[in-house]
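> When you get a sec, could you give me coordinates for this:
(2 chains)
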Amino acid sequence: MTPAEAARAATDTILADYTSASSPGLVVDSPPGAGKTTLVVETTAAIAGKGERLMIVAQTNEQVDDLVDRLARRAPDLTVGRLHAEGFDPPERVRRHDSVTTGSKIAQVDGCQVVAATADKWAYVADRSWRWAIVDEAYQMRSDKLLGVARLFADGHALFVGDPGQLDPFSVVDSERWTGLKWDPLQSAVAVTQRLNGLRTHRLPVSWRLPASAAPMVSEAFYPAGGFTAGTEDGTRRLELTVPGLRSVWDRTVEIAASTGWALHELPSRHTVRTDPEAAHACAEIARRLVQRGAVAHDEHGSHPVTPDRIAIGCAHNDQVAAVRLAGPPEGVTVDTANRLQGREYDVTIVLHPLSGRRDATAFHLESGRLCVLTSRHRHACVVVARAGIADLLDHHPMSPRVQLNVPIKFPDGWAAHHAVLAHLENYKA
Amino acid sequence: MSLLHSYVKVRARERGRALPRATVRHVHLAEAPMVFVPLRLAGEAAAPLGAMVGTDPRHPTLLVVPQPRNRDLRFQFLADLGAVLLPYIDRISRQVETVEAKTPFERCLDAPQIVVPSAGGVEFTAKLGRSSRFRRTTGPYAVDPAVPVLGRWLTFLAEQSEFAGSSLMVAMTDLLTAHWVTGQSAVEDGDLAALLGWIDPPEGMTGAEAAALADDPLTPPAGPDTHPEFDRQELQKAIAHYDETGSTGQVEKALDGQLRPTWDRMWQAIGLLSALKESPGATSRWERDRVHVAMHRAWIDGGGLPQGKRDSAVAAAKRLARLEAAQQSFEAARAFDDPLVMAEYRADGVAFAGEVVAVDLTRRIVPPGGKREVPRPLVTIETSDPVRLSRGKKVRSPSRPRQSATITSLSDRMITLQIDDGMGRGALPAEGSVPGVGTVICYTELDPGESRRAPLPPREETPWTHGGPPPEYVPTDDDAVEPWS
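Down below sits the predicted model:
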């Protein structure tokens, strides 16, 4: 089976299972760039096409707007309601569609076949219910958010879609009060629903984003339960550097990344402050050289230059983001934390390794989701910038979390995932 | 740890003395705080060994369990503790006022305040509460009627202490580290003696020297855990003596020696804290504490059931929302009340201060979702702070906490804000409602206001995703039994 056929078959199975209405809920695990949005749009079109009403819950306004735009383009004859908070101005990509109605009151949009909003907004909707619901980015949704909206589709059928490898939802409160409870509100929406109901889980088998050079490693390190393959073959995605290089260390790294899809830019081992100026400078400089070398990306759709907006620099902390920005990457390059890069896609990503220059490895820095997000945003190549000695650091700080009763073991183990990624990168050192 | 905090820590190390972290006191100190220094038996989760408790520094009440493995004696201890704490709680919370509001509510005129040495003390209090609130006062294994009531109050106080900014039950080491920065690590700061050594060293000694003194095995720890050497050399013999003779004298003497130094330090620390002026935020948070005490008082008096061991799905989500709201508004209020706390945020780039260099009062726009033009003046501020906020961010100023503004542009040292509200209803902003040129002003992303919370379904409508409605709680004789007991 070709990747396209495998993906098609998976989508068909999911659609058939969901529309058979045999279960109150289904979970779809989607690895990075596996066509999650496409699945949501296809499912919506299929359900609404039969004259049924459907609600879509996403987590951020950006996600809702993306979905609405995609949906309106895919099925222009479908009426779509975009419910939003008062004072929110829906962007042009939503307003340009005639089939889309926007409004801050449910009465303004509930005549539409499909209504989409954030979980926060849905929580205020009362006295209505839907037979079909799709919860997008469900692994990023906190359990208490789901509790606020689940009554809207409690008698219907819900499809929970999301990426299990990404970062868990977050709280400013650090309480152990609910640890071990099945409905611990600090867990993700899927975790709670699954622990209490054990819904059927489907999986999308093909990543269309990750190149053939990245999919096997990311799959093995972060998705041990169910692997996936790349949608493209070796050699389909190529990075070409059209301008000859200098003999700088940056150029060497850029060349390795262009020819293999990976590069480890290793700086001398040293304990540094979090905002390590040398590492920040390296991130900015690699991005600059990439643009200056006139990188051109060749892929299954054709060729295009890798402009700054197709490059991202990812860090673990906000102050590192500030440090990299200060180091002056080319105008237009995205610099952000892993949390905010979730769900985004670039041609080339440059990653400041979360453990670079650290003396210790805390749970925050070892969280597998963080590294997974950072190393799975790219279509062509990923450059990791790190101080030498991370493998030793890991060996000095084995994961030893407290064992707590009734808390399910988390897979993958962040410590092991970090080692797996490092071992892989070892072959791509500049 | 924030950037500024790390810097001050290094400075404190260099100076050999703790440096202030706050200019005002961010916690309310009651007129007569109840100091409670509990000790527990090593190796047991909730076996009390003894406690020193009271509101008078000169006359503490010493309570001991001469044979801590004897459960009857444990509950006798709790009854004795109840005899000290319950009259205090009753006396202080008896007077209630009714606050006029849309829905009038009751508030105690004053509230009890229990001060324990460390976070471990709060945790141990919660465990004592759990082990006593379900006890029966009749039938087999009956306990003193004060025990379950005490258990409910201890549980209430320990649960309230999880809410940021609540002053009903506080850990002294937390209070001190919130107001001073020492030159030692956070773990070392958890030891009251070492912490006080840095903040208030004896004449002629540096903080590091005084803290080293606290490390001496002869200095008793602040509890609730005792020193293993003390257990072996003194406690074991004293307990054996009690078993043989039935006389409690030796145990009392041993525990008094362990508790007294901590007791004195607690009052020394209270003296240090009371020298600081109370912040306005602390006073208003204390008002809220008093409302909670009145509510709990009414709940007990009305025959309400003791607090459950576990939260239902809905209760857990509601509690989490309240915890988060308290955390967010406490952090913001602290910064709004105290320029030294705000400086931490400024160094981290989420707040900035500077002089207003330009104001456009006449700007009018149609806001998103609106129909007519309204005034949205622009204010430009010059700052040398390392700002990390981005365009579109909502900000507020401590000098104008009720007014919100949005960042419309940022360039090197220049930040332009759009003032969003609080300007009256006129065509132009009301006089003085917009900061004028030359004003030095601080803005931050922090917001001390309580954000609106999305409604959650009632307990009996818990959806299937969260396990459906939980069964109704019916008290039984087995409530006090733990799975591991």
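
> Excluding residues flanking it in the chain, which one is nearest A:A21?
A:H157 (5.3 Å; Cβ to Cβ, 6 or more residues apart in numbering or on different chains). C-betas here are computed from N, CA, C, even on glycine.

> beta partners for the one you found?
Following DSSP bridges, A:H157 is listed with bridge partners A:W132.

> so it touches A:S23, yeah?
Yes. Applying Cβ atoms under 8 Å, one finds A:H157 in contact with A:S23, separated by 7.1 Å.

> Those two: which is more packed in?
A count of neighbours by other Cβ atoms under 10 Å in any protein chain shown puts A:H157 above the other of A:H157 and A:S23, at 21 against 13.

> B:L417: what secondary structure?
Assigned state for B:L417: strand (three-state reduction, DSSP: H, G, I helix; E, B strand; the rest coil).

> Which residue, other than its chain neighbours, is closest to it?
Nearest to B:L417 is B:A405, by Cβ to Cβ, 6+ apart, at 4.2 Å.

> Please tell me I have it right and A:A279 contacts A:L267.
Yes. At 6.1 Å, A:A279 and A:L267 qualify as touching, with contact defined as Cβ under 8 Å.

> ok, these two, which is more surrounded?
Shown here are A:A279 and A:L267; by other Cβ under 10 Å, A:A279 has more neighbours (26 against 19).

> So which bits of the stretch 251-400 of chain B are right by chain A?
B:310-314, B:316-317, B:319-321, B:323-324, B:327-328, B:348-349, B:367-369, B:386, B:388 (Cβ under 8 Å from any Cβ of the partner chain).

> okay, and the common contacts of A:A279 and A:L267?
A:356, A:385-387 (Cβ atoms under 8 Å, 6 or more residues apart in numbering or on different chains).

> Between all of the residues you listed, which two are separated the most?
Farthest pair in those (Cβ to Cβ) is A:V385 and A:R387. Separation: 8.8 Å.

> So for the two, which residue has more residues nearby?
Ranked by neighbour count (other Cβ under 10 Å), A:V385 and A:R387 place A:V385 first, with 28 against 21.

> Run me through the strand neighbours of the host helix or strand of that one, direction for each.
Assessed by DSSP states H and E, A:V385 sits inside strand A:378-387. Taking DSSP bridges as the criterion, strand A:378-387 sits next to strand A:262-267 (parallel), strand A:346-352 (parallel) in its sheet.

> Can you add distance to B:L456 and mean pLDDT and give those strands back as TSV?
Output for those, formatted as TSV (distance: least, Cβ to Cβ, whole Å; pLDDT from 0 to 100):
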stretch	distance to B:L456	mean pLDDT
strand A:262-267	46	96
strand A:346-352	38	97
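
> Output these as TSV; include the columns distance to B:D191.
Shown next, in TSV, are the strands paired with strand A:378-387 (distance: least, Cβ to Cβ, whole Å):
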stretch	distance to B:D191
strand A:262-267	38
strand A:346-352	37
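
> Looking at those, which one is packed in the most?
strand A:346-352 (a mean of 27; mean count of other Cβ atoms under 10 Å in any protein chain shown).

> That one: how far from the chain's middle?
14 Å (Cα atoms, centre = their mean, to the nearest Å).

> can you give me the helices in the stretch 251-400 of chain B?
B:280-301, B:313-337, B:339-348 (DSSP state H, counting those that start in this stretch).

> Of those, which is nearest A:E367?
helix B:313-337 (20.3 Å).

> Now do that closest one and helix B:339-348, the angle between them.
For helix B:313-337 against helix B:339-348, the angle between stretch directions is 100 degrees (axes from the mean of the first three to the mean of the last three Cα atoms, to 10 degrees).

> one step back: just the buried members of the residues of the stretch 251-400 of chain B next to chain A?
B:311-314, B:316-317, B:319-321, B:323-324, B:327-328, B:348-349, B:388 (16 or more other Cβ atoms under 10 Å in any protein chain shown).

> that older thread, okay, and the common contacts of A:V385 and A:R387?
A:267, A:279, A:353, A:356.

> before we move on, the earlier item: give me the pLDDT value at the residue nearest to A:A21.
In this prediction, A:H157 carries a pLDDT score of 95.

> Also B:S485?
Reported pLDDT for B:S485: 62.

> got it, and A:V80?
95.

> what does chain A have sitting close to chain B?
Residues of chain A lying near chain B (Cβ under 8 Å from any Cβ): A:24-25, A:86-89, A:104, A:120, A:123-124, A:143-144, A:146-148, A:150-151, A:154, A:158, A:171-173, A:175, A:177-178, A:181-186, A:189, A:192-193, A:196-197, A:318-319, A:322.

> give me that answer again for 7 Å
With Cβ under 7 Å from any Cβ of the partner chain as the criterion, chain A meets chain B at residues A:24, A:86-89, A:104, A:120, A:123-124, A:144, A:146-148, A:150-151, A:154, A:171-173, A:175, A:178, A:181-183, A:185, A:192-193, A:196-197, A:318, A:322.

> Show me what the closest residue to A:A7 other than its chain neighbours bridges to in the sheet.
Using Cβ to Cβ, 6+ apart and skipping residues adjacent in sequence, the residue nearest A:A7 is A:V206, 4.4 Å away. Note on A:V206: beta-bridge partners A:T229, judged by DSSP bridges.

> how near is A:V206 to A:G35?
7 Å (Cβ to Cβ, to the nearest Å).

> Give me the common contacts of those two.
A:A7 (Cβ atoms under 7 Å, 6 or more residues apart in numbering or on different chains).

> Pick out whichever of those two has more residues nearby.
A:V206 (23 against 20).

> and the gap between the more buried one and chain B?
Distance, A:V206 to chain B, by Cβ to the nearest Cβ, to the nearest Å: 29 Å.

> surely that residue meets A:G227?
No. A:V206 is not in contact with A:G227 according to Cβ atoms under 7 Å; the separation is 10.7 Å.

> Provide a list of residues in contact with A:G328.
Taking Cβ under 7 Å, 6+ apart, we find A:G328 in contact with A:A284.

> can you do 8 Å?
Residues near A:G328 by Cβ under 8 Å, 6+ apart: A:284, A:288.

> Equivalent analysis for A:D144, please.
Contacts for A:D144 (Cβ under 8 Å, 6+ apart) come out as A:185, B:316-317, B:320-321, B:456.

> okay, and for the chain, where does confidence drop off?
By default, I'm working from chain A. In the prediction, chain A carries no residues with pLDDT under 70.

> oops, chain B please
B:484-485.

> Show me the domain layout of it.
B:3-309, B:337-444 (automatic domain parsing).

> How far off centre is the first one?
Going by Cα atoms, centre = their mean, the spacing between the C-alpha centre of domain B:3-309 and its chain's C-alpha centre is 12 Å.

> re earlier: nearest to B:Q160, out of the helices of the stretch 251-400 of chain B?
Nearest of those (Cβ to Cβ): helix B:280-301, 6.2 Å.

> Next, the buried residues of stretch B:39-46.
Going by 16+ other Cβ under 10 Å, stretch B:39-46 has these buried residues: B:39-42, B:46.

> picking up where we left off before, so which of the domains of chain B is the most packed in?
With a mean of 18, the top stretch among those by mean neighbour count (mean count of other Cβ under 10 Å) is domain B:3-309.

> Which parts of chain A belong to which domain?
A:3-207, A:215-428.

> Would you mind putting the CA coordinates of the top strand by length along chain B into CSV?
What stands out as the longest strand in chain B, according to DSSP state E, is strand B:400-411. Extracted as CSV, the C-alpha positions of strand B:400-411 are listed here (Å, rounded to 0.1, in the frame of the first residue of the first chain):
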residue,chain,number,x,y,z
ARG,B,400,-4.5,53.0,37.5
PRO,B,401,-5.6,49.4,38.3
ARG,B,402,-9.1,49.8,36.9
GLN,B,403,-8.1,50.9,33.5
SER,B,404,-6.9,48.5,30.8
ALA,B,405,-4.7,49.3,27.8
THR,B,406,-3.4,47.5,24.7
ILE,B,407,0.0,47.7,23.3
THR,B,408,-0.2,48.9,19.7
SER,B,409,3.4,49.3,18.9
LEU,B,410,6.8,48.6,20.3
SER,B,411,10.1,49.9,19.0
